[in-house]
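Q: After the sequence you'll find the predicted model.
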Amino acid sequence: MADPHDDQTARSATGAPDLAELQHWTWVMGRAQQMMMEQGLGLMQAGKAADAPVSSPFGNAALLQQTQDFWKDNLALWQRFVDPAAAMAPPPGSDGDARDKRFKAAAWRDDPYFDWIRRSYNLIADHMLRGVDALDGVSDQQKDKLRFAAKGLVDAMSPSNFPMTNPEVVEKTIATKGQNLLDGLRNMLADIGKGQLTHTSEGAFEVGRNLAMTPGKVVKRTPLYELIQYTPATGQVLATPLVIFPPWINRFYILDLTPEKSFIRWAVEQGITVFMVSWKSADASMKDVIWDDYVAAQVDAVDTIRALLDVPAVHTIGYCVAGTTLAATLALLAARGQADKVASATFFTAQVDFSRAGELQNFVTEEQLALIGALSPQGFLDGRYMAATFNLLRGRDLIWNYVTNNYLMGSDYTPFDLLHWNGDTTNLPSKWHLSYLTDLYRDNLLVQPGAMSVAGEALDLTRVTTPAYVQAGREDHIAPADSVWKITHLFRGPLRFVLAGSGHIAGVVNPPAARKYQYWTNDSDVQTLDDFVAGATETKGSWWPDWIEWLRARGANEVVADGPRVPGQGALPSLGDAPGEYVRAR
């Protein structure tokens, strides 16, 4: 037998590994397994008994005990693999989640080798995450960051992400003679070329062709936003119009996807005069734009619509970051004695108190803030950076799922309008973006009366008495429901809180015709989200009908949908068809 250290273990003339090389790698893998076993046995012996915790020189016996348990479980799993007949039940945690789509193929359980790989991975992942929880002397904030980092590492190291440890990839590679890997390489190189992960098929969707198709006109254009007015679909409309402020982190048509999913089209069909603000994607001309400018833009849109339709007030909707800004706008109007300009305010998954803002807080570190500054030499942040950040929050679904399917399996992309929108990024003014992260996510100033000001007016959310409808997503990973809930402790006017099924996007974009998900309401006076849920009434389907009923209760008077209610027929002439120019700008 050749010495495993012999330098002559070279490949044969055909390029395939010869016997000596195979022997070498067998020795390497065997030696690695031996080293791992020796380490585990050493830790187990140090405990002197399987149920005796090991003392720690750092005072963290729980963590060391958890490490000992890992090696005991790992050795039990190895024994199960080498001698299935004599093996006991698999260690806890090694079977993973039965709903884990990464391991849905039968080979992950039926083939002993891949079953062992799957169980080993699940065991390591389970113990890594439990190891973070076992740390002593670490603040909750630091634990959250460590847990987030550990979860990201666990997702990245999944055997489903590598060609030789994924049975589906192995099978397809054999069946296609490697064509899947070439197709996957083409997909990967294309993504590298554009600097962004692809989630859906190119060319399947286009704004104005099969997205953002609700008829309307652009009636105003400023350096920061376009104002779109939609064409009435009913003869009579509510006297009080509605203006929607979408997040400028993405483009507004999340609320105007394909016609059957469009919230805007649905709202117009309910007899509402709908206006939409379409924000401009930042460029070098916006290097000095700050949060005050976005608040001022919201006030300007409100005043523009009031004057155009000759109405005293408007209904408003603020989605995500634009909802946070809407809260500041309401506080500004209250400080000026002009609160009656807004008849009601609806908040889609919007936060104002950021003390429990979820995993995005992991990106608000001095290092991350410095990186954002370095990435913005022209005064604006490339939207692909924010897209990558949000993808990391759901790395398993939005990153590694596509690595497996489109890079390793070489599969074609599936057309999906929501994911097309997700990849249609916008740039952000860097000065505003940095202040938003520091003032809100890091320092949580908005909930401190007088700590923030706009246009010289100190903001105090507790002075807001505007009727509010607050929607949160039960599975929202961007604006967690318990964070959104905190708005109920600040506003002083009548408020309705609705908890919707699903998350930040699907929880909002849920048309009644789809008959998906559910929502919860609770009319009792409760102080916590847990108490709200405990006494809540569940209703199947979309919450949109609940919202329109609530809106009509704020004023059911109707007017004829003519004159200035028709886009371009009033004092503001049409500047072009919806969806406008800004939504298409790169």
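A: Sure thing, it's come through. Numbering: from 1, shown residues only.
Q: G318: which element?
A: For G318, the host element (DSSP states H and E) is strand 314-319.
Q: likewise R130?
A: Per DSSP H and E: helix 112-133 holds R130.
Q: need the next SSE after that helix, C-terminal direction.
A: Counting by DSSP H and E, the next helix or strand C-terminal to helix 112-133 is helix 140-156.
Q: same for the helix or strand following that next one, what does it pack against?
A: On the C-terminal side of helix 140-156, the closest following helix or strand by DSSP H and E is helix 167-176. The contact analysis (3 or more C-beta pairs under 8 Å, 6 or more residues apart in numbering; DSSP states H and E) places helix 167-176 against helix 107-110, helix 179-194. Any C-beta I mention is one placed from the backbone N, CA and C, and that applies to glycine too.
Q: These into TSV, with extra columns for mean neighbour count?
A: Listed next are these as TSV, based on neighbours: other C-beta atoms under 10 Å:
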stretch	mean neighbour count
helix 107-110	15
helix 179-194	15
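Q: want to try CSV for these, with mean pLDDT as columns?
A: Output for those, formatted as CSV (pLDDT from 0 to 100):
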stretch, mean pLDDT
helix 107-110, 92
helix 179-194, 90
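Q: For the ones you listed, give me TSV that also has distance to S453.
A: Output for the helices and strands packed on helix 167-176, formatted as TSV (distance: least, C-beta to C-beta, whole Å):
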stretch	distance to S453
helix 107-110	57
helix 179-194	41
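Q: Next up, phi/psi of V342, please.
A: When quoted as degrees, to the nearest 10, the phi and psi of V342 stand at phi -120, psi 120.
Q: Relative to L238, how far out is it?
A: 15 Å (C-beta to C-beta, to the nearest Å).
Q: ok so, going back, okay, the helix or strand that comes right after the strand holding G318 in PDB with CA atoms only?
A: Using DSSP H and E, the helix or strand that follows strand 314-319 in sequence is helix 321-335. Extracted C-alpha coordinates of helix 321-335, given in PDB (Å, rounded to 0.1, in the frame of the first residue of the first chain):
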ATOM      1  CA  VAL A 321     -40.800  53.000   6.200                       C
ATOM      2  CA  ALA A 322     -43.300  55.400   4.600                       C
ATOM      3  CA  GLY A 323     -45.600  54.500   7.500                       C
ATOM      4  CA  THR A 324     -43.000  55.500  10.000                       C
ATOM      5  CA  THR A 325     -42.700  58.800   8.100                       C
ATOM      6  CA  LEU A 326     -46.500  59.100   8.000                       C
ATOM      7  CA  ALA A 327     -46.500  59.000  11.800                       C
ATOM      8  CA  ALA A 328     -43.900  61.800  11.800                       C
ATOM      9  CA  THR A 329     -46.100  63.700   9.300                       C
ATOM     10  CA  LEU A 330     -49.100  63.400  11.600                       C
ATOM     11  CA  ALA A 331     -47.000  64.600  14.600                       C
ATOM     12  CA  LEU A 332     -45.900  67.600  12.500                       C
ATOM     13  CA  LEU A 333     -49.400  68.500  11.500                       C
ATOM     14  CA  ALA A 334     -50.500  68.100  15.200                       C
ATOM     15  CA  ALA A 335     -47.800  70.500  16.200                       C
END
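Q: could you say what helices and strands helix 321-335 packs with?
A: Of the remaining helices and strands, those touching helix 321-335 by 3+ C-beta pairs under 8 Å, 6+ apart are strand 242-245, helix 291-309, strand 314-319, strand 342-348, strand 457-458.
Q: I'd like to know which of these lies nearest to T465.
A: When the helices and strands packed on helix 321-335 are compared by C-beta to C-beta, strand 342-348 sits nearest T465, at 10.5 Å.
Q: next SSE after that closest one?
A: Taking DSSP H and E, what comes next after strand 342-348 is helix 366-374.
Q: Quick one: list the elements packing against that next one.
A: Packed next to helix 366-374, using 3+ C-beta pairs under 8 Å, 6+ apart, are helix 430-436.
Q: Thanks again, I'm all set now.
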